[in-house]
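Novice: I'd like to go over a predicted model; first the sequence, then the structure.
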Amino acid sequence: MPKRKWDDDGPLATGKKFSLMDGKVDVLEGLVMHKEVISEEFEEELIAFVQTQCERGRSGELKKPTYLRASGERSQGNQREAIMYGGFFDFNRARPGKRGLVPPFPAILERLVDHLVAKNYLPSGVRPDSCIINRYDRGDCIPPHVDHSSYYRPISTLSLLGEEPMLVGSRFRTVKSCTWAPICGKSISLPRRSLLVLGGNSANIAKHCISSCSGQRISITLRKQPPPDWKPDATELVGKGGKRSMQGKDESRVGGVINIGSGAMLKRKSLSGSAKRRKKMMTAQVGRLVQVNDVKQDSPNSHNDTKNGSGRVEVSNGKVSEKQARRNARRLERKQQAVDALKKC
Ligand SMILES: O=C(O)CCC(=O)C(=O)O
Ligand SMILES: [Fe+2]
């Protein structure tokens, strides 16, 4: 089998590579597609395993957060089911969650990982220890997102049961609920038994999504978790929980409530004492940073302490209030996003 190098982890199996320049950046660098990575028999076995676990989940035998199902108004008709092993992914906060909340890998998933590593589809140095199985029905989707940066790269997705396209790129537009089109991105078909490996820019810069499925599909997403002592960066605690933009964030985070879960949406947990302290500190720091940026970008007349060019900055004693500065920064960010969104790559 022809080999290629993946960072310093040794030779990996070659697959189809992709490239798409957005300005000077190849946003699909590091994306590799491997076809027929498992046998039809193994696919059957995996499908049977997933179907059984989903049935157990639906009947209440498999509890949250191991089994989750999108529901409620915010799911927009999307009823995707998810099962987690090895590591809990906190959909509500869009990052790895507390350890020990979901079961370890069952034997069949260990076998799958052994196989993918042995065949050099995945680097042995980044052996996945967490898994999200997504089961899509016709009409289900996963919105554009970047997998949390704390997971080691590459991450990979094995497709089973049905073939659907995944959009990977730096900019998408929403066509309608559960449907996106790339402005700067590619549509990559994911045949049954294929493994899509997202590394480099394709994992860190590009977003990926699956629009409303044409039929049933199962995906097994494998990732290596950050070390057990990993803590979210304090910047992630800034702002009101759940107010972050969906674009580039996790798929199931909308307005601070989980939209994949059974019945009632999960409520955000209150922050621990140390998290509250870090948040307070970061909020103050960001306030200061925003002030500086604000003066530079939005306030050419900042010497005028009543009004800047946009006429929106409140200044007292020569200082922009933190609240107003943050509002201005968000406004600028939105403006920039709107401009960027229109630019084709
Ligand atoms: O279903 C897929 O292939 C993608 C799943 C995914 O992106 C994820 O779980 O983060
Ligand atoms: Fe993902």
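Specialist: Thanks, I have it. Numbers count the residues shown, from 1 in each chain. Ligands and ions are numbered 1, 2, ... in the order given.

Novice: going forward, measure contacts and count neighbours with C-alpha atoms only.
Specialist: Fine.

Novice: the helices in the chain, which residues?
Specialist: For the chain, applying DSSP state H gives helices covering 40-58, 107-118, 200-204, 273-293, 322-342.

Novice: adding mean neighbour count, write those helices out as a markdown table.
Specialist: Below are the helices of the chain laid out as a markdown table (neighbours: other C-alpha atoms under 10 Å):
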| stretch | mean neighbour count |
| --- | --- |
| helix 40-58 | 15 |
| helix 107-118 | 15 |
| helix 200-204 | 22 |
| helix 273-293 | 16 |
| helix 322-342 | 15 |
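
Novice: which residues of the stretch 1-150 of the chain lie near ligand 1?
Specialist: I132, N134, D147 (C-alpha under 6 Å from any ligand atom).

Novice: check what pLDDT the last one gets.
Specialist: At D147, the predicted lDDT confidence score is 97.

Novice: quick one, phi psi at it?
Specialist: D147 adopts backbone torsions of phi -60, psi 140, taken as degrees, to the nearest 10.

Novice: state the distance from it to E73.
Specialist: 24 Å (C-alpha to C-alpha, to the nearest Å).

Novice: also the first one?
Specialist: Here I132 is placed at a distance of 23 Å from E73 (C-alpha to C-alpha).

Novice: settle it for me: which of these two has more neighbours?
Specialist: Using other C-alpha atoms under 10 Å, the more surrounded residue of I132 and E73 is I132, with 22 against 9.

Novice: contacting residues for the residue lying closest to that one once chain neighbours are set aside?
Specialist: Spatial nearest neighbour of I132, chain neighbours left out: M84 (4.6 Å); criterion: C-alpha to C-alpha, 6 or more residues apart in numbering. Contact analysis of M84 by C-alpha atoms under 8 Å, 6 or more residues apart in numbering lists P65, T66, Y67, V102, P103, S130, C131, I132, I133.

Novice: so the second one touches F105, yeah?
Specialist: No - taking C-alpha atoms under 8 Å as the contact criterion, T66 and F105 are not neighbours in contact, 11.6 Å apart.

Novice: what sits in contact with each of those two?
Specialist: Both T66 and F105 are in contact with Y85, where contact means C-alpha under 8 Å, 6+ apart.

Novice: for the chain, give me the ranges with low pLDDT.
Specialist: 1-10, 238-319, 340-341 (pLDDT under 70).

Novice: bridging across strands, which residues link to the closest residue to Q79 other than its chain neighbours?
Specialist: Among residues not flanking Q79 along the chain, A70 sits closest, at 4.7 Å (C-alpha to C-alpha, 6+ apart). Taking DSSP bridges, one finds I260 as the beta-bridge partners of A70.

Novice: shouldn't A70 be in contact with Q76?
Specialist: No - A70 is beyond contact range of Q76, at 9.1 Å (criterion: C-alpha under 8 Å).

Novice: residue of this structure closest to ligand 1, please.
Specialist: Residue of the chain nearest ligand 1, by C-alpha to the nearest ligand atom: S219 (4.7 Å).

Novice: from P228, how far off is that residue?
Specialist: 26 Å.

Novice: for the stretch 151-300 of the chain, which segments count as strands?
Specialist: All strands of the stretch 151-300 of the chain, identified by DSSP state E, counting those that start in this stretch, fall at 155-160, 164-176, 179-190, 195-198, 207-210, 217-223, 253-254, 257-258.

Novice: now tabulate those in JSON lines and tack on mean neighbour count.
Specialist: Below are the strands of the stretch 151-300 of the chain laid out as JSON lines (neighbours: other C-alpha under 10 Å):
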{"stretch": "strand 155-160", "mean neighbour count": "24"}
{"stretch": "strand 164-176", "mean neighbour count": "20"}
{"stretch": "strand 179-190", "mean neighbour count": "19"}
{"stretch": "strand 195-198", "mean neighbour count": "26"}
{"stretch": "strand 207-210", "mean neighbour count": "24"}
{"stretch": "strand 217-223", "mean neighbour count": "23"}
{"stretch": "strand 253-254", "mean neighbour count": "22"}
{"stretch": "strand 257-258", "mean neighbour count": "25"}
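
Novice: select, out of those strands, the one closest to D26.
Specialist: strand 164-176 (9.8 Å; C-alpha to C-alpha).

Novice: what's in contact with that closest one?
Specialist: Residues contacting strand 164-176 (C-alpha under 8 Å, 6+ apart): 22, 27-28, 144, 180-191, 202, 205-211, 213-214, 217, 341.

Novice: quick one: it to strand 179-190, angle?
Specialist: Interaxial angle of strand 164-176 relative to strand 179-190 (axes from the mean of the first three to the mean of the last three C-alpha atoms, to 10 degrees): 170 degrees.

Novice: and the angle from strand 164-176 to helix 322-342?
Specialist: Using the same axes, to 10 degrees: strand 164-176 against helix 322-342 is 120 degrees.

Novice: strand 164-176 vs strand 217-223, what angle?
Specialist: Per the same axes, to 10 degrees, the angle that strand 164-176 makes with strand 217-223 is 100 degrees.

Novice: right, and the residue of the chain closest to ligand 1 touches I133 too?
Specialist: Yes - the criterion here is C-alpha under 8 Å, and S219 meets it with I133 at 5.7 Å.

Novice: ok, now which ones touch P228?
Specialist: R99.

Novice: separation between it and T221?
Specialist: 20 Å.

Novice: do E110 as well
Specialist: According to C-alpha to C-alpha, E110 and T221 sit 13 Å apart.

Novice: and what of K24?
Specialist: Counting by C-alpha to C-alpha, the gap from K24 to T221 is 30 Å.
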